[in-house]
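> this one's sequence-less:
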């Protein structure tokens, strides 16, 4: 052994105070483990999306990545049982004169076992066909004992009108879905927030994939309906949009826009006021995702702060020709804007192809 070729990680006395830690020397990052008086080291870079393994924790002999819980053996670098082929490099470590030394030449190589791509990770390509309108109802209720919802009533009116005018329609009722709240992967690291959502990738029972599929891959128009709760949108609305951070974050970390040439509009109702604030937040957020808006992008109804007779509120919405006609007009505006965006996108692609063809012909001559 030529000591000069090894890297000095630091004092053995200090490094032994922690069972697991991330150590960086130059360009080498290792997850350094100290147990039973012995140091071991594997690469500190997780195979999944590069999480810092040394900042995780030990589960028996396995290092658990702090980003997405992938596991690697702290001595061999092999993945957890069943995933041994997912291996991170292992390094030699020794202690001399009270210093921990690391041979920077890995004993084993990194190996990434093939993993089937999540269905949502496919390229975003609009399939041919009529305009597609997705309605999302964010009203919470008991699934087995449903109640009347003013916002959902108007949403259904809009969807029925769209379908009657040749559009394909779907409705997603968030209260029918089982999905976890955002768990703050972006707070760990921007790159820990993945597309699809880390939760969706790890939890097959998480049903927000239906919202992701509709927003990113299917719909041309999205109508979001929400009640007003204490001057804000519903709690389910906020639970949903927190999980939509992964869509916006693709612009932040990958310069990738998953939402293109899509339109969003809103139906807002409630026994309390604050319509403009609810609409403003919704427009800001969906604009950040990449959605466009038609003229007059929302309809709303509120009888004000002191209208506590909710039976009267529901009766007004049920029987209001103005509100239901407004829902039909809203989806007409949204569909018109979506059609114009798609037509413009088609013309732009044709123009680009023609320009490339002309450029190629010019080079040939």
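Perfect, thanks for sending it. Quantities reported herein were computed from a predicted structural model and do not represent experimental measurements.

> Report how many residues lie close to the nearest residue to residue 244 once chain neighbours are set aside.
Using CB to CB, 6 or more residues apart in numbering and skipping residues adjacent in sequence, the residue nearest residue 244 is residue 289, 6.5 Å away. (Each C-beta comes from the backbone N, C-alpha and C, glycine too.) Residues within reach of residue 289, counting by other CB atoms under 10 Å, total 21.

> Repeat that for residue 143.
Using other CB under 10 Å, residue 143 is surrounded by 9 other residues.

> shouldn't it be in contact with residue 178?
No - using CB atoms under 8 Å, residue 143 makes no contact with residue 178, being 10.4 Å away.

> how about the helices in the stretch 1-150 of the chain?
Under the criterion DSSP state H, counting those that start in this stretch, helices of the stretch 1-150 of the chain are mapped to 12-15, 150-164.

> tell me the most buried of these?
Sort those by mean neighbour count, taking mean count of other CB atoms under 10 Å, and helix 150-164 sits at the top with a mean of 22.

> what helices or strands is it leaning on?
For helix 150-164, the packing partners by 3 or more CB pairs under 8 Å, 6 or more residues apart in numbering; DSSP states H and E come out as strand 132-137, strand 168-173, strand 221-227, strand 263-270, strand 298-302, helix 310-319, helix 321-364.

> Mind checking what helix or strand follows the second one in sequence?
Pointing back at strand 168-173 there. Downstream of strand 168-173, the next assigned helix or strand under DSSP states H and E is helix 185-188.

> Next, the buried residues of that next one.
185-186, 188 (16 or more other CB atoms under 10 Å).

> And for stretch 81-94?
Residues of stretch 81-94 classed as buried: 86-91, 93 (neighbour count, 16+ other CB under 10 Å).

> how far is that stretch from where the chain is centred?
30 Å (CA atoms, centre = their mean, to the nearest Å).

> and it, how far apart are its ends?
28 Å (CA to CA, to the nearest Å).

> repeat for stretch 8-15
12 Å.

> Please shift the residue numbers so they start at 37 in all later answers.
Sure, I'll start counting at 37 from here, so that last one is stretch 44-51.

> count of residues packed around residue 184?
13.

> my bad, should have said residue 260
For residue 260, the count of nearby residues is 25 (other CB under 10 Å).

> beta partners of it?
Per DSSP bridges, the residues bridged to residue 260 are residue 172, residue 302.

> And the pLDDT for the closest residue to residue 225 other than its chain neighbours?
Nearest non-adjacent residue to residue 225, counting by CB to CB, 6+ apart: residue 103, 6.6 Å away. Looking at residue 103, its pLDDT reads 96.

> Please determine how far residue 103 is located from residue 226.
Look at residue 103 and residue 226: by CB to CB, to the nearest Å, they are 11 Å apart.

> The residue nearest to residue 225: what's it in contact with?
Applying CB atoms under 8 Å, 6 or more residues apart in numbering, we find residue 103 in contact with 82, 84-85, 87-88, 221, 224-225, 228, 234.

> Kindly reformat those as a markdown table containing distance to residue 359.
Putting these into a markdown table (distance: CB to CB, whole Å) gives the following:
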| residue | distance to residue 359 |
| --- | --- |
| 82 | 52 |
| 84 | 49 |
| 85 | 47 |
| 87 | 50 |
| 88 | 53 |
| 221 | 40 |
| 224 | 44 |
| 225 | 46 |
| 228 | 44 |
| 234 | 40 |
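
> which ones among these are found in strands?
Using DSSP state E to define strands, no part of these is located there.

> so can I have TSV of those showing distance to residue 155 and pLDDT?
TSV is the format used below for the contacts of residue 103 (distance: CB to CB, whole Å; pLDDT from 0 to 100):
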residue	distance to residue 155	pLDDT
82	23	97
84	18	94
85	18	92
87	23	96
88	29	97
221	20	93
224	25	92
225	25	93
228	21	94
234	16	95
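
> Between all of the residues you listed, which two are separated the most?
Greatest spacing in the contacts of residue 103, by CB to CB: 88 and 234 (15.6 Å).

> taking the mean pLDDT, what do you get for stretch 175-192?
Stretch 175-192 comes out at a mean pLDDT of 94.

> now do the same end-to-end measure for it.
Stretch 175-192: ends 13 Å apart by CA to CA.

> Could you tell me how far that stretch lies from the centre of the chain?
Chain-centre distance of stretch 175-192: 26 Å, with CA atoms, centre = their mean.

> Kindly report the same for stretch 279-289.
For stretch 279-289, the separation from the chain centroid amounts to 6 Å (computed by CA atoms, centre = their mean).

> Tell me which residues are up against it.
By CB under 8 Å, 6+ apart, the residues outside stretch 279-289 that reach it are 215, 217-218, 222, 226-227, 229-235, 244, 247-248, 251-252, 292-295, 321, 324-326.

> Kind regards, and thank you for your time.
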